[in-house]
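**Q** Give the three-dimensional model of this entry:
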Amino acid sequence: MDQRIHAEVGIDRPLVGPRWAFARWPLAVKVGVVSTTVIIVALLAVRMMAGSGDAVLRVPVEQLVIATVEQGVFHDLIPLRARVEPRETVYVDAIDGGSVERLLVEAGDRVREGQPLLEMSNSNLAFSVIQEDSQINQAISQLQQNEIALEQNALSNQRAMAEVEYQLMRLEKSAARRETLAATGALARELRDEVADELAYYRRLHPIQTAIGQHQSELRDRLVPNIHRQLENLRRNLDVVQNKLAGLIVRSPVEGVVTAIDLTVGEHRNAGQRLAVVTPESGMKLAADIDEYYRTRVHAGQSATVEVGNAVVNATVRRISPQVRDGLFTIDLAFDGGSPADLVVGKTLLGRLHLGGDTPALTVPTGAFLERSGGNWLFVLDPEGGSAQPRQIKVGRRNSEQLEILSGLAAGERVVISDYTSLDRADRLILTN
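**A** Below is the predicted model:
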């Protein structure tokens, strides 16, 4: 009875389901299926949020800087951070070198032109000067002896010519007298012929002596000026050699203020090394470093304004350095109407350099976004302000406060101008509160 009841009810017979039932799957397979399902659901959710498959980033609106595109005036200027420098600087360097014996001035002292700044000593230089001085003096003495010899030869030729002419005159007179006496028979012909022969000799000697004198005169005229030039050069060399010792007393080349003389007694400085710096009292100038982006737009003659105390002072670009270092080039500016009083070398002045006049333009404030986008694109908000998408733009001129927009934007649109470091890979920004 009991067995039949159990058989009919089926209490002891296990229930067997279909072989594909989820309950009969292994545990690892079950986990895999659940994980895959979660991923698929997440991807579908992201796709539904993105709408088109673009990279979307949610950003709190308070983390962004948003500006409005305006149709206004572009101020064509750039900021200046200019250093006050002397208009002229004179460097005093060691000529032959030596050891510092005495310091006669200190930094900040006013000096006049030619005033001694310091004294140096150099025993090797002193010995060299003595040798050179002796050699030059010997050369001068030799040239002077050569000139004296030429003068003596000239005098000898003049004496010889005078002697020939005297003998000619004497013998011509004697020959005339003897010829008369010989004609009357009062004088032997032998005595007449002796005088005649001697007269003939001097007549032949006269043109020879004349030629010798002419040659000697031409030689003297050619050599004496050359000797004089060599003597002059040697005397200048002698002055230079003697001034080497005088140069050990270092003097100020100009009148001004000693701005640097970093020396100690006994210190040795080689030839060409810096000894001191003297600044003439000719006023101050400004030097400023400009970004190479503006290299083609900066030129001499442009005007600038700088703040000196509570006043605004005008200046003009005078020189532009042709070299670009670390992305910067340097310009020099001169104050209009003279340097302001109480300027200190090394002080920094803030100002603006005017590249051109104010012109109507579509503008956007400058911002940190330029570092990532380079001014080629930016995020533009939709009219409701709930999202922003990148848009290509074309930028013209720029200054520290404004960008000139040539194309890509319209007046009244709002743009994100804050840092794009974490935004530049997004195709769309969702702005959240």
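**Q** Going by C-alpha atoms from here, please, whenever you check contacts or count neighbours.
**A** Noted.
**Q** show me what contacts the residue nearest to residue 203 when sequence neighbours are not counted?
**A** Nearest non-adjacent residue to residue 203, counting by Cα to Cα, 6 or more residues apart in numbering: residue 168, 6.8 Å away. Contact partners of residue 168, counting by Cα atoms under 8 Å, 6 or more residues apart in numbering, are 199, 202-203.
**Q** same thing with residue 295?
**A** Contacts for residue 295 were tallied using Cα under 8 Å, 6+ apart; they are residue 329.
**Q** how far away is it from residue 355?
**A** Counting by Cα to Cα, to the nearest Å, the separation of residue 295 from residue 355 is 11 Å.
**Q** Over to residue 240?
**A** Residue 240 sits 52 Å away from residue 355 when distances are taken as Cα to Cα.
**Q** Which one of the two is surrounded by more residues?
**A** Neighbour comparison, residue 240 and residue 355: the larger count goes to residue 355, with 18 against 15 (by other Cα atoms under 10 Å).
**Q** doesn't residue 77 make contact with the more buried one?
**A** Yes - using Cα atoms under 8 Å, residue 355 is in contact with residue 77, at 5.2 Å.
**Q** what about the strands in the stretch 201-350 of the chain?
**A** Remark: strands of the stretch 201-350 of the chain, listed N- to C-terminal, are 249-251, 256-260, 268-269, 274-280, 284-291, 303-308, 311-320, 328-335, 348-354; assignment by DSSP state E, counting those that start in this stretch.
**Q** would you turn those strands into JSON lines with mean pLDDT and mean neighbour count?
**A** Conversion of those to JSON lines gives the following (pLDDT from 0 to 100; neighbours: other Cα atoms under 10 Å):
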{"stretch": "strand 249-251", "mean pLDDT": "91", "mean neighbour count": "19"}
{"stretch": "strand 256-260", "mean pLDDT": "89", "mean neighbour count": "20"}
{"stretch": "strand 268-269", "mean pLDDT": "90", "mean neighbour count": "18"}
{"stretch": "strand 274-280", "mean pLDDT": "91", "mean neighbour count": "21"}
{"stretch": "strand 284-291", "mean pLDDT": "92", "mean neighbour count": "21"}
{"stretch": "strand 303-308", "mean pLDDT": "92", "mean neighbour count": "19"}
{"stretch": "strand 311-320", "mean pLDDT": "93", "mean neighbour count": "17"}
{"stretch": "strand 328-335", "mean pLDDT": "94", "mean neighbour count": "20"}
{"stretch": "strand 348-354", "mean pLDDT": "91", "mean neighbour count": "19"}
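**Q** In JSON lines, list the ones you listed along with distance to residue 65.
**A** Below are the strands of the stretch 201-350 of the chain laid out as JSON lines (distance: least, Cα to Cα, whole Å):
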{"stretch": "strand 249-251", "distance to residue 65": "62"}
{"stretch": "strand 256-260", "distance to residue 65": "48"}
{"stretch": "strand 268-269", "distance to residue 65": "59"}
{"stretch": "strand 274-280", "distance to residue 65": "49"}
{"stretch": "strand 284-291", "distance to residue 65": "25"}
{"stretch": "strand 303-308", "distance to residue 65": "30"}
{"stretch": "strand 311-320", "distance to residue 65": "32"}
{"stretch": "strand 328-335", "distance to residue 65": "29"}
{"stretch": "strand 348-354", "distance to residue 65": "26"}
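**Q** right, and these - which one's nearest residue 391?
**A** Residue 391 lies closest to strand 284-291 among the strands of the stretch 201-350 of the chain, at 26.7 Å (Cα to Cα).
**Q** In the sheet, which strands lie alongside the closest one, parallel or antiparallel?
**A** Neighbouring strands of strand 284-291 in its sheet, by DSSP bridges, are strand 77-86 (antiparallel), strand 328-335 (antiparallel).
**Q** Residues contacting the last one, please?
**A** Read it as strand 328-335. Counting contacts by Cα under 8 Å, 6+ apart, the residues touching strand 328-335 from outside are 284-292, 295, 313-324.
**Q** Kindly report the same for the first one.
**A** Applying Cα under 8 Å, 6+ apart, the external contacts of strand 77-86 come out as 279, 282-290, 306, 343-356, 399-400.
**Q** same question for stretch 395-404, mean pLDDT?
**A** Here stretch 395-404 scores 87 as its mean pLDDT.
**Q** Relative to the whole chain's centre, how far out is the helix or strand hosting residue 164?
**A** Assessed by DSSP states H and E, residue 164 sits inside helix 123-184. The chain centroid and the centroid of helix 123-184 are separated by 63 Å, computed with Cα atoms, centre = their mean, to the nearest Å.
**Q** Over to stretch 282-302?
**A** 14 Å.
**Q** hey, where'd the helices end up in the stretch 301-433 of the chain?
**A** Listed in chain order, the helices found in the stretch 301-433 of the chain under DSSP state H, counting those that start in this stretch are 370-373.
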